[in-house]
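Colleague: Okay, here's the prediction I keep looking at, along with the sequence it came from:
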Amino acid sequence: MRDLRPDLATLWQSASRLRSARGARSVMFVAARSGEGTSSMAASFALMAAEHSARTAWLVDLDLGVNAAFGGFDTGFAGGVARPGRAYDASLGCEPIYQLVPTPMGGGGKMLTVHPVEGTRLLVTRFRTERLAAGQSVCLRAQPDWWQALRRSTDWIIMDAPALDRSDVALDVAAEADGVVLVVEAERTDAEEVARLQAGIEDQGGRVIGVVLNRMRADAHLAGRLGGQQYRRQYEGGRR
């Protein structure tokens, strides 16, 4: 992961104009393929959102079994930003947004935690994978009450979704986001694939507000071939 805040000013200006009648504003970052820099984008944008929040911003890692967002902060991916602090229960008084398979006796509640990043107004989630039993897995499940409780408690919700070549989670929660940003590596993902991703998100009630092109060299026209407002980024690295 890399700190990309200096390169996301245009995206921030556009996304910060989002308005939500449901409370906090919510943005999801997702890619068609793994390794396109989604976690770097989401974490950097979340830090920017926290800087502009009167209360807090939450970075919700939807890849529960990996915790890439928490791991990035824990290893100090952003210079001058402290590591996550103590763990707090992230259930918000609601049923969990995850399901354990097989389901243990007692339901396995309170395995999702949230950690304040010291010196900021940002909180980042972490799923306690170490508490999974042998052969047990975790998956996200629909839980609108949790998302609404989160909207009431914070100013910004930034979702870091796993790429669609690994999981359909982004499609499952697309309607919970006020805007979806597609992250694309221009040298390996063609416009048709991005168009399919955009259509899939919108078919599930999501709203694509932009496409970020990473490592853009050969195909400088990719963004222009897609409908809607697009955003362009050029950088070396920045992978998940």
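Modeller: Cool, the structure landed. Numbering: from 1, shown residues only.

Colleague: My guess is His52 contacts Arg25. True?
Modeller: No: applying CB atoms under 8 Å, one finds His52 not in contact with Arg25, separated by 10.5 Å. Placement of C-beta: from N, CA and C, glycine included.

Colleague: Overlap in contacts, these two.
Modeller: Trp156 (CB atoms under 8 Å, 6 or more residues apart in numbering).

Colleague: between these two, which one's more packed in?
Modeller: The neighbour count for His52 versus Arg25, taken as other CB atoms under 10 Å, is higher for Arg25 (23 against 12).

Colleague: Quickly list what the more buried one is bridged to.
Modeller: When bridges are called by DSSP bridges, Arg25 pairs up with Trp156.

Colleague: need the helix or strand of this protein with the lowest average pLDDT.
Modeller: For the chain, using mean pLDDT, DSSP states H and E, the weakest element among its helices and strands is strand 231-232, scoring a mean of 40.

Colleague: Helices of the chain, start to end?
Modeller: Along the chain, counting by DSSP state H, helices occupy 9-15, 38-51, 68-74, 144-153, 169-173, 191-203.

Colleague: what's the closest non-adjacent residue to the residue positioned nearest the centre of the chain?
Modeller: Centroid-nearest residue in the chain, with CA atoms, centre = their mean: Asp160, separated by 1.6 Å. Nearest residue to Asp160, sequence neighbours excluded (CB to CB, 6 or more residues apart in numbering): Ala42, at 3.8 Å.

Colleague: For the one you found, give me the pLDDT.
Modeller: pLDDT recorded at Ala42 is 95.

Colleague: now the end-to-end length of stretch 164-182.
Modeller: 11 Å (CA to CA, to the nearest Å).

Colleague: how about that stretch: buried residues?
Modeller: Going by neighbour count (16 or more other CB atoms under 10 Å), the buried part of stretch 164-182 is 164, 167, 169-174, 176-182.

Colleague: now do stretch 47-54
Modeller: So for stretch 47-54, counting by 16+ other CB under 10 Å, buried means Leu47, Met48, Ala49, Ala50, Ser53.

Colleague: What of stretch 183-197?
Modeller: In stretch 183-197, counting by 16+ other CB under 10 Å, buried: Val183, Val184, Glu185, Ala186, Thr189, Ala191, Val194, Leu197.

Colleague: so who does Val138 touch?
Modeller: Val138 makes contact with Leu64, Gly65, Tyr98, Gln99, Leu100, Val101, Met111, Phe127, Thr129, Leu132 under the criterion CB under 8 Å, 6+ apart.

Colleague: Report pLDDT for Arg217.
Modeller: The model reports Arg217 with a pLDDT of 43.

Colleague: ditto for Leu222
Modeller: Model confidence at Leu222 (pLDDT) stands at 36.

Colleague: next one: Met159
Modeller: 98.

Colleague: Over to the one 4 residues further on?
Modeller: The predicted local distance difference test score for Ala163 is 93.

Colleague: residue contacts, Leu59?
Modeller: Here Leu59 is in contact with Ala42, Ala43, Ala46, Ala69, Leu122, Leu123, Val124, Thr125, Ile158, Asp160 (CB under 8 Å, 6+ apart).

Colleague: Wait, the fifth one touches Ala50, no?
Modeller: Yes: under the criterion of CB under 8 Å, Leu122 is in contact with Ala50, at a separation of 3.7 Å.

Colleague: hey, what's in contact with both of the two?
Modeller: Shared contacts of Leu122 and Ala50 (CB under 8 Å, 6+ apart): Thr56, Ala57.
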